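Participant: I need the structure of the sequence given here:
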Amino acid sequence: MKKFAIVLAGCMAMVAMLAYAQSMDPGYEMARVVSFEKMAVSEQHPEYGDQYKMAMRMGNTIYMCQGSASAEMFLDWAPNKEFPAKLINDKTMSVKGPHGEVQLTIKGKKTPK
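Facilitator: Here you go, the predicted model:
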């Protein structure tokens, strides 16, 4: 009986993961965080204290981005984490994190040879 309960729980978890993966909005694809760091705060402009710099990999391209939001928005961001993201245009990427959606400014991009 115990084995049956464990197998049943495992199957339910797999179904939930598949349902979550299929519920992604059209146009979004998974993007992996390559690097993430908080930018230094300027003493002259403390209002820019919530600036973050990150590199995001979508497919074969790495996008160097900057974003500004509360620290809570980026609480779970770390290298190798994946989030649904889409390119709005050549300069903007929209990423759905666990605490909401954030708009990142694309500063550059690299593609491996």
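Participant: which regions of this structure sit below the pLDDT cut-off?
Facilitator: Low-confidence segments of the chain, defined by pLDDT under 70: 13-25, 42, 45-49.
Participant: would you list every one of the helices in it?
Facilitator: Counting by DSSP state H, the chain has these helices, from start to end: 2-22.
Participant: So what pairs up with the residue nearest to the spatial centre of the chain in the strands?
Facilitator: The residue lying closest to the centre of the chain (Cα atoms, centre = their mean) is residue 83, at 3.6 Å. Assessed by DSSP bridges, residue 83 has beta-bridge partners residue 31.
Participant: which residues does it contact?
Facilitator: 30, 31, 33, 77, 95, 96, 97, 98 (Cβ atoms under 8 Å, 6 or more residues apart in numbering). For glycine as for every other residue, the C-beta is placed from the backbone atoms N, C-alpha and C.
Participant: of those residues, buried ones?
Facilitator: Buried members of the contacts of residue 83, scored by 16 or more other Cβ atoms under 10 Å, are 31, 33, 77, 95, 96, 97.
Participant: show me the contacts for residue 33.
Facilitator: Residues near residue 33 by Cβ under 8 Å, 6+ apart: 54, 55, 56, 77, 78, 79, 80, 81, 82, 83.
Participant: If any of those residues are buried, put those into a PyMOL selection.
Facilitator: In PyMOL, this line selects whichever of those come out buried by 16+ other Cβ under 10 Å:
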select buried, resi 54+55+56+77+83
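Participant: Any chance of a markdown table for the contacts of residue 33, columns distance to residue 5?
Facilitator: Shown next, in a markdown table, are the contacts of residue 33 (distance: Cβ to Cβ, whole Å):
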| residue | distance to residue 5 |
| --- | --- |
| 54 | 41 |
| 55 | 43 |
| 56 | 40 |
| 77 | 35 |
| 78 | 33 |
| 79 | 36 |
| 80 | 32 |
| 81 | 31 |
| 82 | 30 |
| 83 | 33 |
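Participant: which of the contacts of residue 33 lies closest to residue 67?
Facilitator: Closest approach between those and residue 67, by Cβ to Cβ: residue 54, at 6.9 Å.
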